[in-house]
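# Generate a structure from the sequence data that follows.
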Amino acid sequence: MSLIKLGLPKGSLQDSTFALMRKAGWTFRVGSRSYVPSVNDPDIAARLIRPQEIARYVELGLLDAGLTGYDWIYENGADVVEIAELCYSKATSNPVRWVVAVPNDSPIQSVKDLQDKRIATEAVGLTTRYLADHGVTANIEFSWGATEVKAPELVDAIVELTETGSSLRANQLRIIDTVLTSTTRLIANKEAWADTAKRTKIEQLALLLQGALNAGNKVVLKLNARKGDMAAISEVLPALHAPTINTLSDPSWVAIEAVVEETIVREIIPALKAAGASGIIELALNKVVP
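Presented below is the predicted three-dimensional model:
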């Protein structure tokens, strides 16, 4: 097997990436000052890199594959192979957004009002293309961080990444438009993707990472029931496909197993009990592969 050079995002996405990888079957460990994680797979050599840079290094072949946001692929104009969309972020499983935000008391109400204004952002390329699409010319400056605190004293508006909007609200900013919606992507270098051995490994990563995400809000319910109660129980039990039913040593009883959404478990367990189920067990899942 060829060694896969894998770029993992350092920073705000690191912990959620490591947690997802662990559910998928790969355990990464790294010291507080290290950029070279250890992993329980001899076929992977991982590096922690700022997500802003991963797409560029994958394009250049310095990395075979990596996890980064679609926003940074777009920002860098990186010519890479997008293998899988992985809907997870720092705090939620929702996409993140690059938004235009202005102070609450700003007269700016729309993108057209940004004409000749000063805008701070880390995503200069993305912002430049967005303004060009709207026929607006503005002064765009690269922000090295703490972008939210720069308006209104230093700039008129910012283009900033947000997941929940809480930081913008805390800094008395309001959103006037969304520039780009982004999710995490597994990407590969084109030459690595053309290599059969590397492609097989990257496809394995994609399959199991997606399986881990699919399992994120699902559980297995196992229960026993009399055959005469099966119809009533099946009406209550919304399985992923159809419940698995096995006959027990007592032929009048069956064991039923189903994958269900975790959010509905509190509602259906009492209903299952009322329909005749017994010995109900709820089990967490690591992966669900359709």
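
# Is the closest residue to Val220 other than its chain neighbours in a helix, a strand, or coil?
Sequence neighbours aside, Leu283 is the residue nearest to Val220 in space, at 4.3 Å (criterion: Cβ to Cβ, 6 or more residues apart in numbering). The C-beta positions use only the backbone N, C-alpha and C, and glycine is treated the same way. The local conformation at Leu283, judged by DSSP: H, G, I helix; E, B strand; the rest coil, is strand.

# if I pick Leu283, what's in contact with it?
Counting by Cβ atoms under 8 Å, 6 or more residues apart in numbering, Leu283 touches Val219, Val220, Leu221, Lys222.

# model confidence over stretch 23-42, on average?
When pLDDT is averaged along stretch 23-42, the result is 91.

# from the contacts of Leu283, which would you call buried?
Of the members of the contacts of Leu283, the ones counted as buried by neighbours, 16 or more other Cβ atoms under 10 Å, are Val219, Val220, Leu221.

# can you list those in TSV and add pLDDT?
Supplementary listing: the buried ones among the contacts of Leu283 in TSV, determined by pLDDT from 0 to 100:
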residue	pLDDT
Val219	92
Val220	92
Leu221	93
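
# of these, closest to Trp253?
Among those, Leu221 lies closest to Trp253 (Cβ to Cβ), at 16.6 Å.

# which SS class is Ala55?
Reducing the assignment to helix, strand or coil with three-state DSSP, the entry for Ala55 is helix.

# quick one, what contacts Ser252?
Ser252 touches Arg226, Lys227, Gly228, counting by Cβ under 8 Å, 6+ apart.

# show me the contacts for the most centrally placed residue in the chain.
When the chain is reduced to its mean C-alpha position, the closest residue under Cα atoms, centre = their mean turns out to be Tyr88, at 1.7 Å. Applying Cβ under 8 Å, 6+ apart, we find Tyr88 in contact with Ser16, Thr17, Leu20, Thr184, Leu213, Gly216.

# What helix or strand is it located in?
Following DSSP states H and E, there is no helix or strand that holds Tyr88.

# how close does it sit to Val39?
With distances taken as Cβ to Cβ, to the nearest Å, Tyr88 is found 19 Å from Val39.

# same question, Glu267
In this structure, Glu267 lies at 40 Å from Val39, with Cβ to Cβ as the measure.

# Would you mind giving the dihedral angles phi and psi of the closest residue to Lys287 other than its chain neighbours?
For Lys287, the nearest residue in space outside its immediate sequence neighbours is Gly211; the separation is 3.6 Å by Cβ to Cβ, 6+ apart. Summarising the backbone geometry of Gly211 under the convention degrees, to the nearest 10, its torsions are phi -60, psi -40.

# What's the separation between Gly211 and Leu13?
Shown here: Gly211 relative to Leu13, a distance of 20 Å by Cβ to Cβ.

# Tell me which stretches of the stretch 51-200 of the chain form strands.
Under the criterion DSSP state E, counting those that start in this stretch, the stretch 51-200 of the chain carries strands at the ranges 65-69, 81-86, 96-103, 118-121, 139-142, 157-162, 173-182, 184-188.

# Please report the number of neighbouring residues for Thr178.
Thr178 has 12 neighbours, counted by other Cβ atoms under 10 Å.

# Isn't it up against Ala101?
No - at 10.5 Å, Thr178 and Ala101 do not qualify as touching, with contact defined as Cβ atoms under 8 Å.

# residue contacts, Leu173?
Under the criterion of Cβ under 8 Å, 6+ apart, the neighbours of Leu173 are Ala101, Val102, Pro103, Asn104, Glu148, Ala151, Ile158.

# what's across from the third one in the sheet?
Yep, that's Pro103 we're talking about. According to DSSP bridges, Leu173 are recorded as the beta-bridge partners of Pro103.
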